[in-house]
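1. Next come a sequence and a model predicted from it.
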Amino acid sequence: MDGLNILLVEDEKKIADTLAQGLSEHQYNVSVAYDGVIGKKLFDSQNYDLVILDINLPGMNGYELCKAIRLKNERVPIIMLTALSTTDDKIEGFEAGADDYIVKPFDFKELLVRLKALLKRLHQTNLPVNVLKASDVVMNLDSKEVTRAGKLIHLTAKEFQLLEYFVKNKNKVVSRADIALNVWDIDFDTKTNVIDVYVNFLRKKLEKDFDSKLIHTQVGMGYILKDSN
């Protein structure tokens, strides 16, 4: 997957230039923008395989830019790279459409691993149509559409990934650590409740207007998506 195009939007010039050089050494083509407005103009004018965003950007902040990118392209992987480290900051980033969230200071090798994982995941979903089913839920991994009993359910990118993991492991209890590793690609942090928050987001969207529950809590163990079929 060498030679792919990456958009890097970072207002700290030293960090941006260092990252751009490191990525270029790994055969990625990097475009750099030092503010959000220029970042949006670049994204609108060129095709990118992945985007790396800071949050505190002049002109247009990272959350706004992420949402603007998602309006144009629902599938391009987006990594937020920021000093903002609270759970609320992370939730806002994922809700804006980010696929991953890395807190500064960070190790370049970690960024590279996560970047490659996202690009690999995107490449895999470009294969011929893949459909997952559990109970009356149908997931199209190509179009990223989810329906329950024929009703379209609108999910964010992270909610989709979480549901995909649940469906692939239907009728099995998965721990919060399992989810953290397989959906967020991070080591489990016992101090964060991001996973619980996202499970609740998913429950509300999947179970609203329906009598039967899909995702159940197994106290002290984790969660399970029960397939009633």
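-> Received the coordinates, thanks.
2. Output whichever helix in the chain runs longest as CSV, restricted to C-alpha atoms.
-> Criterion DSSP state H: the longest helix present in the chain is helix 108-125. Extracted C-alpha coordinates of helix 108-125, given in CSV (Å, rounded to 0.1, in the frame of the first residue of the first chain):
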residue,chain,number,x,y,z
PHE,A,108,5.7,7.7,15.4
LYS,A,109,5.8,3.9,15.2
GLU,A,110,2.3,3.7,16.9
LEU,A,111,0.9,6.2,14.4
LEU,A,112,2.4,4.1,11.6
VAL,A,113,0.8,0.9,12.9
ARG,A,114,-2.6,2.4,13.3
LEU,A,115,-2.4,4.1,9.9
LYS,A,116,-1.6,0.8,8.2
ALA,A,117,-4.4,-1.0,10.1
LEU,A,118,-6.9,1.6,8.9
LEU,A,119,-5.7,1.4,5.3
LYS,A,120,-5.8,-2.4,5.5
ARG,A,121,-9.3,-2.4,6.8
LEU,A,122,-10.4,0.0,4.0
HIS,A,123,-8.8,-2.2,1.4
GLN,A,124,-10.6,-5.3,2.8
THR,A,125,-14.0,-3.6,2.6
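3. That helix - contacts with which helices or strands?
-> Under the contact criterion of 3 or more C-beta pairs under 8 Å, 6 or more residues apart in numbering; DSSP states H and E, helix 108-125 touches helix 13-25, strand 50-53, strand 78-82, strand 100-103. Placement of C-beta: from N, CA and C, glycine included.
4. which outside residues touch it?
-> Contacts to helix 108-125, defined as C-beta atoms under 8 Å, 6 or more residues apart in numbering, come from residues 1, 4, 6, 19, 22-23, 26, 49-50, 52, 75-77, 79, 81, 99-100, 102, 141-142, 185.
5. Verify the stated contact: T82 with L57.
-> No - assessed by C-beta atoms under 8 Å, T82 is found out of contact with L57, at 9.7 Å.
6. Could you check how many residues crowd around D54?
-> Look at D54: counted by other C-beta atoms under 10 Å, it has 25 neighbours.
7. That one: what's it in contact with?
-> D54 makes contacts with V9, E10, D11, E12, G62, M80, L81, T82, as judged by C-beta under 8 Å, 6+ apart.
8. Whichever of these end up buried, select them in PyMOL.
-> Burial among the contacts of D54 is assessed by 16 or more other C-beta atoms under 10 Å; the matching PyMOL selection reads:
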select buried, resi 9+10+11+62+80+81+82
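9. Show me which parts of the lowest-mean-pLDDT helix or strand in the chain are buried, residue by residue.
-> Among the helices and strands of the chain, helix 108-125 carries the lowest confidence by mean pLDDT, DSSP states H and E, at a mean of 82. Neighbour-count burial for helix 108-125, counted by 16+ other C-beta under 10 Å, picks out L111, R114, L115, L118, L119, L122.
10. Quick one: distance of that helix to the chain centre.
-> Counting by C-alpha atoms, centre = their mean, to the nearest Å, helix 108-125 is centred 11 Å from the centre of its parent chain.
11. Span of stretch 142-160 from start to end?
-> This stretch, stretch 142-160, spans 12 Å end to end (C-alpha to C-alpha, to the nearest Å).
12. Quick one: residues in contact with it.
-> Stretch 142-160 has contacts (C-beta under 8 Å, 6+ apart) with 70, 74-75, 94-95, 97-99, 125-126, 128-130, 136-140, 163, 183, 198, 201-202, 205-206, 209-210.
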